[in-house]
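S.K.: prediction below, plus the sequence it came from.
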Amino acid sequence: MTKSLNILTCRACGFTFSSQSKIAWGNTYWHGIAVAFCSKESALATLKDEAVECQTIDADCNDCLHFKRGEMLAKGAASAFSGHCLKFGKPAVAYPNFATGHECFEHRRAAGGQETGKA
């Protein structure tokens, strides 16, 4: 079974690909689903923006502006990091790719990349 390229569109701009189109592929943040883009640059920019949006929804210390990362506590699907919350001055644990929904969360890129918790 072959896929018809005329139904694929660029996720960033909506361009409809033809059978002669060059396609750049990328994977979605949460589910790793392959999606098509017009160019590698378009894919990188779109997927970076999507990652920030998804991490903001997750609202976990792992992506927080105020989290200072410590040691890795666990690896694999249930990975975790010890650390310190600089906003509240207390120990914290971060879980990459996990939604904890902390209301105090501020994304680390929200300050133009000026991460206070960077080790």
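M.R.: Yep, that arrived.
S.K.: so the spatially most central residue of the chain is in which element?
M.R.: Centroid-nearest residue in the chain: A51, 2.4 Å away (criterion: C-alpha atoms, centre = their mean). For A51, the host element (DSSP states H and E) is helix 40-58.
S.K.: how distant is the longest strand that the chain contains from the center of its chain?
M.R.: Scanning the chain for the longest strand, with DSSP state E as the assignment, gives strand 67-74. Put simply, strand 67-74 sits 18 Å off its chain's centre (C-alpha atoms, centre = their mean, to the nearest Å).
S.K.: quick check: buried residues in stretch 52-64?
M.R.: 55, 58-64 (16 or more other C-beta atoms under 10 Å). Yep, even glycine has a C-beta here, placed from its N, CA and C like the rest.
S.K.: before we move on, the earlier item: please report how far the residue nearest to the centre of the chain lies from P91.
M.R.: 26 Å (C-beta to C-beta, to the nearest Å).
S.K.: next, E103: phi, psi?
M.R.: In terms of degrees, to the nearest 10, the main-chain angles of E103 are phi -70, psi -20.
S.K.: what's the neighbour count on it?
M.R.: E103 has 5 neighbours, counted by other C-beta atoms under 10 Å.
S.K.: now do the contacts for it.
M.R.: A59 (C-beta atoms under 8 Å, 6 or more residues apart in numbering).
S.K.: run the last query once more with 6 Å
M.R.: Taking C-beta atoms under 6 Å, 6 or more residues apart in numbering, we find E103 in contact with no residue.
S.K.: and for C104?
M.R.: Per C-beta under 6 Å, 6+ apart, neighbours of C104: none.
S.K.: what helix or strand is it on?
M.R.: Going by DSSP H and E, C104 is not in any helix or strand.
S.K.: quick one: it and L73, what's the gap?
M.R.: On the measure of C-beta to C-beta, C104 and L73 end up 21 Å apart.
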